[in-house]
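*Asks:* need coordinates for the below:
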Amino acid sequence: MKRIALTGLALAVLAAAGAGYWAGHRGLPAAGPRGGLGSEGSLAANEPAGTGPVIYYQDPDRKPVYAAEPRQTGDGRPFRAVRASEDISFEEKPPGEERTAQAGKGRILYYRNPMGLPDISPVPKKDSMGMDYLPVHEGEGSDDGVVKLSPGRIQRSGVRSEPVTSRAIAQSIRVPGTVQLDERRVSVVSLRADAFVQEVAPITTGDRVSKGTRLARIYSPEISTAGAQFITELNAAARGGPEGGARQRLENLGVPPEVIAEIERSRKVPLSINWSAPRDGIVLERNVSDGMKMAAGDSLFRLADISMIWVLADVPERELAAVRIGAPATVRLRGRPGTAFEGRVSVIYPQIAEATRTAKVRIELANRDGMLLPNMYADVEIGSGDASPELAVPDSAVIDTGTRRLVILDRGEGRFEPRDVKLGRRGDGMVAVSEGLSEGDRVVVSANFLIDAESNLKAALNGFAQPEAKP
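*Replies:* Residues are numbered from 1 along each chain as shown. Got it, this is the predicted structure:
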């Protein structure tokens, strides 16, 4: 019986030793006096104790579970308190180097708000969320404007930089527009003398006509009188008499040349005259009917040649400087989304609409298949034309405060410097820089606002910390 008891005791000792061995070599928690974790809830009993204030609490098994306040696991084990010296980082440092670095930084000047608020304290304290204020040591408050970040912080913040390059910026302006007739291709058919309309051709609004097409047949006493005088002068000239000005009078009354030629050939004045279309086009208006009396100057028809058409685009005042005569333009009809027309800017109207603060820009287009109709809505994209290469950075690199425009210059080795710049044209996600940068400089294009906030906070805290100079 005694032998059995001794054997059981030996087995228990061996089991306890084995458990301690595997706990030390596999990172498992060493057993405390009651078989649980050590007093600090850490994974290794011989782990050096941390220093500084408690930053957060971590799962006792080193799982990625954290808490701002003390808490316990589901089986009742307390979370491990992580102090300032034990805070994890992406930087690879030998044990003890963190404390050595802290010790070599010099005396603490003050403590700043951990959330970046302009609040400092001469003594350690916590903010409303329980986070410890961060110490600022001597030598960290230089006035050179350079912000220094550790590699771990750069990686966590997602800071990314790109070189400044020289490139041609293709700028485009997208504005609405409307289709309008070419004013130079609109004709009004009217009479220069009182007349009666005997018959109107079967032509209505919207019909297409060709030059010389008969529009109406009219009778005008004034034209008939001038025709009779023209015949008299022709007969007199045949007998050797002087030639008068009747032909010129017929031309002044707008009588078509073919009618004058017929009078000269037949030596007869027609009772009525066929009035024809002066050009190819479509009938925009018909203002005449059979039997009407038309006074001199009244409009019978209004015609328009739509082989060439205008598109008037409304360009905002702030973008007008980027538009040039001859710049390429693409017009897309809202009624035909898949159809595009290519043209060029021909005129920039010298007037700003007071209500909309826009200027009209005229684009001339060939009316392919007659698809462009007056008063259609269109979407217009105006290019900047041929642009010479210039220094440019991505739009995301520029921080615009309203009064300043700056970029964050990457000087390498975790050093960043705010730099004021002057900007030029924009396009394709790029912006030209006329002053402040040189080709090859690297600028931050991602998370730059975080570095700018750090720089502004640093300057503000330096102002708080430095005593006023006494005369």
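
*Asks:* tell me where the model's unsure across the chain.
*Replies:* Low-confidence segments of the chain (pLDDT under 70): 1-49, 85-106, 115-118, 138-145, 150, 241-242, 385-387, 448-471.

*Asks:* partners of the lengthiest strand in it, with directions?
*Replies:* In the chain, assigned by DSSP state E, the strand with the most residues is strand 336-352. Sheet pairing for strand 336-352, assigned by DSSP bridges, gives strand 328-333 (antiparallel), strand 358-366 (antiparallel).

*Asks:* nearest to residue 351, of those strands?
*Replies:* Evaluated over those, closeness to residue 351 peaks at strand 358-366, with 6.7 Å, by CB to CB. Glycine gets a C-beta too; all of them are placed from N, C-alpha and C.

*Asks:* what segments of the stretch 151-300 of the chain are strands?
*Replies:* For the stretch 151-300 of the chain, strands defined by DSSP state E, counting those that start in this stretch occupy the ranges 160-163, 165-167, 172-181, 186-190, 195-200, 208-209, 214-219, 273-276, 281-286, 293-294, 299-304.

*Asks:* and residue 351, how far is that from residue 358?
*Replies:* Separation of residue 351 from residue 358 (CB to CB, to the nearest Å) stands at 10 Å.

*Asks:* the more surrounded of these two?
*Replies:* residue 358 (19 against 8; other CB atoms under 10 Å).

*Asks:* what bridges to that one?
*Replies:* Under DSSP bridges, the beta-bridge partners of residue 358 are residue 316.

*Asks:* swap in residue 444?
*Replies:* residue 161.

*Asks:* I figured it hits residue 407, correct?
*Replies:* Yes: taking CB atoms under 8 Å as the definition, residue 444 is a contact partner of residue 407 at 7.3 Å.

*Asks:* overlap in contacts, those two.
*Replies:* Between them, residue 444 and residue 407 share these contacting residues under CB atoms under 8 Å, 6 or more residues apart in numbering: residue 397.

*Asks:* between these two, which one's more packed in?
*Replies:* Set residue 444 next to residue 407 and count neighbours by other CB under 10 Å: residue 407 wins out with 28 against 25.

*Asks:* what is the strand or helix carrying that one packed up against?
*Replies:* Using DSSP states H and E, residue 407 sits within strand 405-412. Packing contacts for strand 405-412, counted by 3 or more CB pairs under 8 Å, 6 or more residues apart in numbering; DSSP states H and E, involve strand 399-400, strand 415-420, strand 442-446, helix 448-465.

*Asks:* compute the inter-axis angle for the third one and strand 415-420.
*Replies:* The one in question is strand 442-446. 90 degrees (axes from the mean of the first three to the mean of the last three CA atoms, to 10 degrees).

*Asks:* okay, the angle between strand 442-446 and strand 405-412?
*Replies:* Angle, strand 442-446 to strand 405-412, by the same axes, to 10 degrees: 110 degrees.

*Asks:* what is the burial count for the closest residue to residue 291 other than its chain neighbours?
*Replies:* Counting by CB to CB, 6 or more residues apart in numbering, residue 291 lies nearest to residue 197, which is 6.4 Å off, once chain neighbours are set aside. Using other CB under 10 Å, residue 197 has 20 neighbouring residues.

*Asks:* can you list contacts of the strand holding residue 407?
*Replies:* 146, 161, 393, 397-399, 416-423, 433, 436-437, 441-444, 448, 451-452.

*Asks:* give me that answer again for 7 Å
*Replies:* The contact list for strand 405-412 (CB atoms under 7 Å, 6 or more residues apart in numbering) reads 146, 161, 393, 397-399, 416-421, 423, 441-444, 448, 451-452.

*Asks:* which of these are buried? Put it as a ChimeraX command.
*Replies:* ChimeraX command restricting the contacts of strand 405-412 to the buried ones, with burial defined by 16 or more other CB atoms under 10 Å:
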select :161,393,397,398,399,416,417,418,421,423,441,442,443,444,448,451,452
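
*Asks:* looking at it, residue 157 is touching residue 447, isn't it?
*Replies:* Yes: the criterion here is CB atoms under 7 Å, and residue 157 meets it with residue 447 at 4.7 Å.

*Asks:* quick check: end-to-end length of stretch 347-358?
*Replies:* Length of stretch 347-358, first residue to last, CA to CA, to the nearest Å: 14 Å.

*Asks:* and for stretch 336-344, what's in contact with it?
*Replies:* For stretch 336-344, contacts defined as CB under 7 Å, 6+ apart pick out 326-333, 363-365, 368, 371.

*Asks:* what is the burial count for the closest residue to residue 175 other than its chain neighbours?
*Replies:* Excluding its sequence neighbours, the residue lying closest to residue 175 (CB to CB, 6+ apart) is residue 313, at 4.9 Å. When counting by other CB under 10 Å, one arrives at 25 neighbours for residue 313.

*Asks:* so residue 157 and residue 447 - more neighbours on which side?
*Replies:* More crowded of residue 157 and residue 447, by other CB under 10 Å: residue 447, with 17 against 14.

*Asks:* of all the strands paired with strand 336-352, which one comes closest to residue 251?
*Replies:* strand 358-366 (33.2 Å).

*Asks:* next structured bit after the closest one?
*Replies:* Next along from strand 358-366, by DSSP H and E: strand 377-383.

*Asks:* what is that next one packed up against?
*Replies:* In terms of contacts (3 or more CB pairs under 7 Å, 6 or more residues apart in numbering; DSSP states H and E), strand 377-383 is packed against strand 172-181, strand 308-316, strand 328-333.

*Asks:* how does it look with 8 Å?
*Replies:* Counting by 3+ CB pairs under 8 Å, 6+ apart, strand 377-383 packs on strand 172-181, strand 308-316, strand 328-333, strand 358-366.

*Asks:* JSON lines for the ones you listed, including distance to residue 128?
*Replies:* As requested, these are exported to JSON lines (distance: least, CB to CB, whole Å):
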{"stretch": "strand 172-181", "distance to residue 128": "47"}
{"stretch": "strand 308-316", "distance to residue 128": "46"}
{"stretch": "strand 328-333", "distance to residue 128": "55"}
{"stretch": "strand 358-366", "distance to residue 128": "50"}
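
*Asks:* among those strands, which is nearest residue 298?
*Replies:* Among these, if distance is taken as CB to CB, the winner is strand 172-181, at 21.6 Å.

*Asks:* now do the buried residues in that closest one.
*Replies:* For strand 172-181, burial by neighbour count (16+ other CB under 10 Å) applies to 173, 175, 177, 178, 179, 180, 181.

*Asks:* so how far is residue 226 from residue 248?
*Replies:* Taken as CB to CB, the span from residue 248 to residue 226 is 10 Å.

*Asks:* please say which of the two ends up with more neighbours.
*Replies:* Between residue 248 and residue 226, counted using other CB under 10 Å, residue 226 has the larger neighbour count: 24 against 11.
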